[in-house]
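*Asks:* Below are the sequence and a predicted model for it; my questions follow.
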Amino acid sequence: MAVTTIDWTDSEQSLGNLTEVPVVAFHHRAIVASILIALTPIGLFGNALVIVAVVVAKKLRTITNILVVNLAVTDLITCLCFPFLSAGFLSQTGSYPMHEIICATIGGVVIACVGCSTTTLLAIAFVRWYVITRSVRGHQGIHAPKKVITLVVIIWTESVILIILPHILGIGTLEFDKYHQVCGLTVTNLFGIYYIVFMGIHIAVALVLTLIFYLLVLRHVLRHRKQIRNMFTTAKDIRSGVTLNNQSQVSSTPRGSHPRKINAINKMEVEITKNLFVVVGVLLICSLPQSIHLMIPGDNALLIYSSMTILANSVVNPIIYGFKHPIFKEVFKSLLLPSRAA
């Protein structure tokens, strides 16, 4: 995951009475720190906007959006950590400028949030696939608030366990890495290296599964548009209490209006799915460098750049919602431009 390093050597080279601690060149660290500082207000504002939008807009209070809010919360927390990470990158003393407990906490929180975001996107993809490709009766079993909230708790629990496990096993600690000047997980033995490789594979597998679920959804939408249309018709009829005996009500309905409504719903589902697919695509691009680095460990400046790309993903999701998600786009406009919405 993000900011995970390996202590290959003692990292201190004695030259007579002079002790030199090698570090990544300052200009590399300054570039990463500057980008993270610039992204902080954008990420905080955007993710807070997503949370507020779901709270105030009734049409956004869906089961799937429980997971979307969880994603926004993890991204918001990650963005809050950016200034603390930047302080380490900009340090020229060879140590973290604040208390070491702060550094350890920030490192653990960031890694946990990155893992939580990845797993949450996998959960969203699974729920979208299950709901769209199963019957109304079939998807009600999983598509329930209590079960989705339980899933969120499981996701957070897994992410926290992945962080505390190295410390319990004695294969790694959360501390300030003096070479990369970053707060994160540092491992010092062979088992720790295996653990880092495992974490990289964990991210890669989650991303691949997420991508597979969305590809299955898109294939289903393209091949079975008629079945999807019938599914929403059945759901609407059940909620409205329509029976086969109400022939007079059916005949009084304007001809062609109902199919248009179903087409609108169908189109909305496709647009929402496309939006989430874009979210996954961006995460895949942002996470790929870090996943490769974790599976093929090394000690160089590329780690802080690969960590930066996966951290930057916490900023882009609200931007994608604003441009691609039809309902979020509408609610964002009403929140930011209330006069125009009126």
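*Replies:* Happy to help now that I have it. Numbering: from 1, shown residues only.
*Asks:* what about Cys183, how many residues close to it?
*Replies:* 30 (other Cβ atoms under 10 Å). Placement of C-beta: from N, CA and C, glycine included.
*Asks:* and if you look at Ile320?
*Replies:* 17.
*Asks:* Which element, helix or strand, includes it?
*Replies:* helix 302-324 (DSSP states H and E).
*Asks:* Go through that helix and flag the buried ones.
*Replies:* 303-318, 320-322, 324 (16 or more other Cβ atoms under 10 Å).
*Asks:* swap in stretch 65-85?
*Replies:* Neighbour-count burial for stretch 65-85 flags 65-82, 84-85 (criterion: 16+ other Cβ under 10 Å).
*Asks:* ok, now stretch 106-119?
*Replies:* 106-119.
*Asks:* Read off the pLDDT value for Ser91.
*Replies:* pLDDT, Ser91: 91.
*Asks:* swap in Thr64?
*Replies:* 83.
*Asks:* Can you report how many residues lie near it?
*Replies:* 17.
*Asks:* correct me, but it touches Trp129?
*Replies:* No. Applying Cβ atoms under 8 Å, one finds Thr64 not in contact with Trp129, separated by 11.2 Å.
*Asks:* What about Lys167, how many residues nearby?
*Replies:* Not quite, residue 167 is His, not Lys. Other residues close to His167 by other Cβ under 10 Å number 14.
*Asks:* and it, what does it touch?
*Replies:* Applying Cβ atoms under 8 Å, 6 or more residues apart in numbering to His167 gives the contacts 173-174.
*Asks:* Spatially central, which residue of the protein would that be?
*Replies:* Ser117 (3.0 Å; Cα atoms, centre = their mean).
*Asks:* Quick check, pLDDT for it.
*Replies:* 89.
*Asks:* what does Val148 give?
*Replies:* So Val148 comes in at 90 (pLDDT).
*Asks:* Can you report how many residues neighbour it?
*Replies:* 20.
*Asks:* gap between it and Val56?
*Replies:* 20 Å (Cβ to Cβ, to the nearest Å).
*Asks:* next one: Ile304
*Replies:* Relative to Val56, and taking Cβ to Cβ, Ile304 is found at 38 Å.
*Asks:* again, but for Val73
*Replies:* 16 Å.
*Asks:* Over to Thr309?
*Replies:* As judged by Cβ to Cβ, Thr309 and Val56 stand 32 Å apart.
*Asks:* same thing with Val279?
*Replies:* 22 Å.
*Asks:* Please say which of these two ends up with more neighbours.
*Replies:* A count of neighbours by other Cβ under 10 Å puts Val279 above the other of Val279 and Val56, at 24 against 12.
*Asks:* and that one, what element?
*Replies:* helix 257-295.
*Asks:* All the helices of this protein, residue numbers only.
*Replies:* In the chain, the segments counted as helices under DSSP state H are 26-56, 64-90, 100-133, 136-139, 145-169, 190-223, 225-240, 247-252, 257-295, 302-324, 326-336, 338-341.
*Asks:* so what's the residue nearest to the centre of the chain up against?
*Replies:* 71, 74-75, 78, 283, 313-314.
*Asks:* Just send the residues you listed back as TSV, with distance to Gly46 and pLDDT too.
*Replies:* Conversion of the contacts of Ser117 to TSV gives the following (distance: Cβ to Cβ, whole Å; pLDDT from 0 to 100):
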residue	distance to Gly46	pLDDT
Leu71	12	92
Thr74	13	95
Asp75	8	93
Thr78	12	95
Leu283	15	71
Asn313	12	85
Ser314	9	87
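*Asks:* I appreciate the help and will end here.
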